[in-house]
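Colleague: generate coordinates for the sequence data below:
(one chain, ligands or ions: 1)
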Amino acid sequence: MSMSVASTSTTWAFYLLCAYPEVQRKLREEVSSIDTESPSMDRLNALPYLDAVVRETLRLMAPVTFTLRQAIEDDVIPLDAPFVDSYGRRYDSLEVKKGQTIIIPILAINKDKSLWGEDAEDFRPERWENLPEAVKSIPGTWGNMMTFLGGPHACIGWRFTIVETKALLFTLLRAFEFELTVPRENIFVKRGFAIIRPQLRGKEGNELPVMIRPVIQT
Ligand code: HEM
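Modeller: All right, here's what the predicted structure looks like:
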């Protein structure tokens, strides 16, 4: 599953780069400014816009959208702020009973407006230059987000996936331009059990039709 999750996140990166051509242009400019076709991992990781695009993609299109845990004992979870349930009852902490299933809503946390601001649903790599204070308390293992979860059972493949995605974007954007061949509205986010993939309206299966042109050096 992990490799298919990694390929899904790269697919979403291309979807977003097609949907936001100005981001694609800016990223191509950055990756084309490097004087080698095979940069080291450190050099890749030092490219600020590439880093911001990968972070923003993995925030907005976290391929694993939620996960589950089961409480092994009764507990009380402290809350940052009280909440009111649908019956109007107010809670200052959350009581958990042994055996209860807890849903961890990864994507919802990644897009929560109370944490990320009113533009939380927008693809805006520039947000990573100046993060809101509130997101710094998100207990994710990487990048102030829950995409790779947190704690002792967080994803062990996150460093690999990030540098792999960066290497793919680096190589492909230097050589090619990408454009969607269908209107963006025709592509929707299809939710499997926990993984989101692109699908075309009126069609079965997963698809992201893209026109690829070689970059013409002037
Ligand atoms: C974008 C790509 C990836 C995403 C978004 C992702 C996300 C996640 C998430 C959310 C979990 C926690 C699942 C849970 O416990 O309910 C997880 C666990 C795990 N991931 Fe990934 N993953 C990715 C790629 C990879 C890769 C490439 C590898 C291996 C090379 C990998 C190996 C693992 C392993 C072994 C676990 C289980 C860790 C444990 O239970 O202790 N992942 N991943």
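Colleague: alpha carbons only for contacts and neighbour counts from here, please
Modeller: Noted.
Colleague: can you count the residues close to Phe170?
Modeller: Phe170 has 23 neighbours, counted by other CA atoms under 10 Å.
Colleague: beta partners for Pro78?
Modeller: Ser93 (DSSP bridges).
Colleague: then the one 5 residues further on?
Modeller: On the basis of DSSP bridges, Phe83 takes part in beta bridges with Tyr91.
Colleague: got a list of what the most centrally placed residue in the chain touches?
Modeller: Among the residues of the chain, Leu58 comes closest to the average C-alpha position under CA atoms, centre = their mean, at 1.5 Å. Counting by CA atoms under 8 Å, 6 or more residues apart in numbering, Leu58 makes contact with Ser9, Thr147.
Colleague: so it, which state does it fall into?
Modeller: Under DSSP: H, G, I helix; E, B strand; the rest coil, Leu58 falls in the helix class.
Colleague: so what's Ile195 closest to, chain neighbours aside?
Modeller: Nearest-residue entry for Ile195: Val64, 4.8 Å, with adjacent residues in sequence omitted and distances by CA to CA, 6 or more residues apart in numbering.
Colleague: and for that neighbour, the neighbour number?
Modeller: Residues near Val64, counting by other CA under 10 Å: 23.
Colleague: swap in Leu149?
Modeller: Neighbours of Leu149 (other CA under 10 Å): 20.
Colleague: my guess is it contacts Ile106, does it?
Modeller: Yes. Look at Leu149 against Ile106 with CA atoms under 8 Å: they come within range, at 7.4 Å.
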